[in-house]
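Engineer: need a structure here:
(one chain, ligands or ions: 1)
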Amino acid sequence: MSKNGMMVILSAPSGAGKDTVFKEISRTRSDVCESISATTREPRAGETDGVNYYFLTQSEFEKKIENNEFLEYASYNNCYYGTPASTVLKLVEEGKICFLIIERKGAQKIMKSYPEAVSIFLMPPDMETLEKRLKKRNTDSEEAIISRLKIAEEEIKSASEFDYIVINNELEKAVDEINEILSTELRKRNA
Ligand code: 5GP
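Structural biologist: Below you'll find the predicted structure:
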């Protein structure tokens, strides 16, 4: 197995900007990739099956649970979300830094079963900013936003369980900090 391959859990409340941060990191490095999750959530406008998520029905998802096809899965806001095992493990084996952009319960499961995974919690500057970002995104109903904010409060409470906490106030700064974390972790693995 390549020494450079690793799983990086990037967890954050919905609206904290984790997808934007990841996009910016992957724009400048060829050694990172993202695991494409499966979900039973309805696709949002502009989302494509196999690109943003694998969109599955409840029974398709449950069949995959039965067949042990997920590294982890969790229920979030009444939908299932899960990380497909085979692709992620293969990418890590090949030496890739594979980002799992997942919510807290799934992150906790990975930390337990893969203690060598690096875990990063991306913290929004404050709840007001988070609410503004969720509203500006215009992808969720008022009800869904309220529910996501409630979950966010709980998620923020468990930030100290992660190896690193990065505050996403300025995109460039957060990206620099995560790149620095990756350099540190690569140095450790190659020491
Ligand atoms: P959204 O519906 O906004 O795309 O995602 C809702 C939450 O589910 C986000 O916090 C997102 O990071 C998380 N999520 C996405 N994929 C997975 C996954 O495979 N497993 C887990 N546990 N959470 C996921």
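Engineer: how about Leu182, nearest residue that isn't a chain neighbour?
Structural biologist: Excluding its sequence neighbours, the residue lying closest to Leu182 (CB to CB, 6 or more residues apart in numbering) is Ile97, at 6.3 Å. Glycine gets a C-beta too; all of them are placed from N, C-alpha and C.
Engineer: likewise Cys79?
Structural biologist: Arg41 is the one closest to Cys79 (CB to CB, 6+ apart), at 4.1 Å.
Engineer: residue contacts, the one you found?
Structural biologist: By CB atoms under 8 Å, 6 or more residues apart in numbering, the contact set of Arg41 is Tyr53, Phe55, Asn77, Cys79, Tyr81.
Engineer: which residues touch the second one?
Structural biologist: Shown in contact with Phe55 (CB under 8 Å, 6+ apart): Ala38, Thr39, Thr40, Arg41, Glu42, Pro43, Glu47, Asp49.
Engineer: 10 Å instead, please
Structural biologist: Ala38, Thr39, Thr40, Arg41, Glu42, Pro43, Glu47, Thr48, Asp49, Phe61 (CB atoms under 10 Å, 6 or more residues apart in numbering).
Engineer: next one: the first one
Structural biologist: Applying CB under 10 Å, 6+ apart, one finds that Tyr53 lies in contact with Ile36, Ser37, Ala38, Thr39, Thr40, Arg41, Pro43, Arg44, Glu47, Tyr81, Gly82.
Engineer: distance-wise, check it relative to Glu143.
Structural biologist: Tyr53 is 21 Å from Glu143, where distance means CB to CB, to the nearest Å.
Engineer: check the last one too.
Structural biologist: Here the criterion is CB to CB. By it, Tyr81 lies 19 Å from Glu143.
Engineer: would you mind listing what in this structure touches the ligand?
Structural biologist: Taking CB under 6 Å from any ligand atom as the contact definition, the chain meets the ligand at 14, 37, 41, 72, 74, 76, 81-83, 101-103, 106.
Engineer: buried subset of those residues?
Structural biologist: Buried members of the residues of the chain next to the ligand, counted by 16 or more other CB atoms under 10 Å: Ser14, Ser37, Glu72, Ala74, Tyr76, Tyr81, Gly82, Thr83, Ile101, Ile102, Glu103, Gly106.
Engineer: tell me the one among the residues you listed nearest to Glu172.
Structural biologist: Ile101 (19.2 Å; CB to CB).
Engineer: just the helices in this structure please.
Structural biologist: With DSSP state H, the ranges of helices along the chain come out as 18-28, 58-66, 85-93, 104-113, 127-137, 142-157, 171-190.
Engineer: sweet, I'm off.
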